[in-house]
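S.K.: Show me the folded form of this:
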Amino acid sequence: MSTTLTQLKISGVTVAEAEQLWYDTARWPLFVDGLQSVVSVEGDPPQRGSRVVWQSFPAGRGEVSETVVEYSPGAGQQLEVLDRSLQGVQRVGFSQLDGAVGVELSLDYRLSSANPLRALIDLLFIRRAQNQSLRRTLAAFAAELQSIDG
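M.R.: Okay, here's the model as predicted:
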């Protein structure tokens, strides 16, 4: 299993404000990297057992399914993630800092391909791309959150 992680400190907001935006699936196209549209929402996100299916842009991941397996109000959530090329666990965590919110986003994943070179491909290409995607998501999230607050 491969892991990628990124963190960001967002000034001038609270954990409650950050959570309100993060869990608003209608607003995901504004900040989730590669997401073109939300296809369906089942249950009551961010509650455990809820599921969101979204579609990427044409050259992206295709259809992505995210199912909440753990949710802790004020702290974050854990999702099972599945698309045509990987399966994994994504975690988001929130922490209140002095006048800011710390957000940590990680993805533990396994490539679905049976290609014998998948470990090398992951090391050289996929892991870096996944990390860059998480960074773009957090940067866009921070910009959107600060535009609401500010």
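
S.K.: I'd like the next helix or strand past the lowest-mean-pLDDT helix or strand in the chain.
M.R.: Sorting the helices and strands of the chain by mean pLDDT, DSSP states H and E puts helix 118-121 at the bottom, at a mean of 81. Next along the chain after helix 118-121, taking DSSP states H and E as the criterion, comes helix 127-149.

S.K.: and stretch 95-114, what's its mean pLDDT?
M.R.: For stretch 95-114, the mean pLDDT works out to 93.

S.K.: In CSV, list the C-alpha atoms belonging to that stretch.
M.R.: Extracted in CSV, the C-alpha atoms of stretch 95-114 (Å, rounded to 0.1, in the frame of the first residue of the first chain):
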residue,chain,number,x,y,z
SER,A,95,-7.5,20.8,14.3
GLN,A,96,-8.1,24.2,15.8
LEU,A,97,-4.9,26.2,16.0
ASP,A,98,-4.4,29.7,17.4
GLY,A,99,-6.6,31.8,15.0
ALA,A,100,-6.4,29.1,12.3
VAL,A,101,-7.4,25.6,11.3
GLY,A,102,-4.9,22.8,10.5
VAL,A,103,-6.2,20.5,7.8
GLU,A,104,-4.5,17.2,7.0
LEU,A,105,-5.4,15.1,4.0
SER,A,106,-4.0,11.7,3.3
LEU,A,107,-4.6,8.8,0.9
ASP,A,108,-3.5,5.2,1.5
TYR,A,109,-4.0,3.3,-1.7
ARG,A,110,-3.3,0.2,-3.7
LEU,A,111,-3.3,0.2,-7.5
SER,A,112,-5.9,-2.1,-9.1
SER,A,113,-3.7,-3.1,-12.0
ALA,A,114,-2.1,-6.5,-12.2
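
S.K.: one step back: which outside residues touch the least confident helix or strand of the chain?
M.R.: Helix 118-121 has contacts (CB atoms under 8 Å, 6 or more residues apart in numbering) with 111, 115. Quick note: C-beta positions are derived from backbone N, CA and C, even for glycine.

S.K.: again, but for stretch 88-103
M.R.: With CB under 8 Å, 6+ apart as the test, stretch 88-103 has contacts from 1, 7-15, 17-19, 22, 66, 69, 74-81, 104-110, 138, 141-142.

S.K.: Which ChimeraX command selects the buried ones in those residues?
M.R.: Buried members of those, defined by 16 or more other CB atoms under 10 Å, are picked up in ChimeraX with:
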select :8,10,13,14,15,17,18,19,22,66,76,77,78,79,81,104,105,106,107,108,109,138,141,142
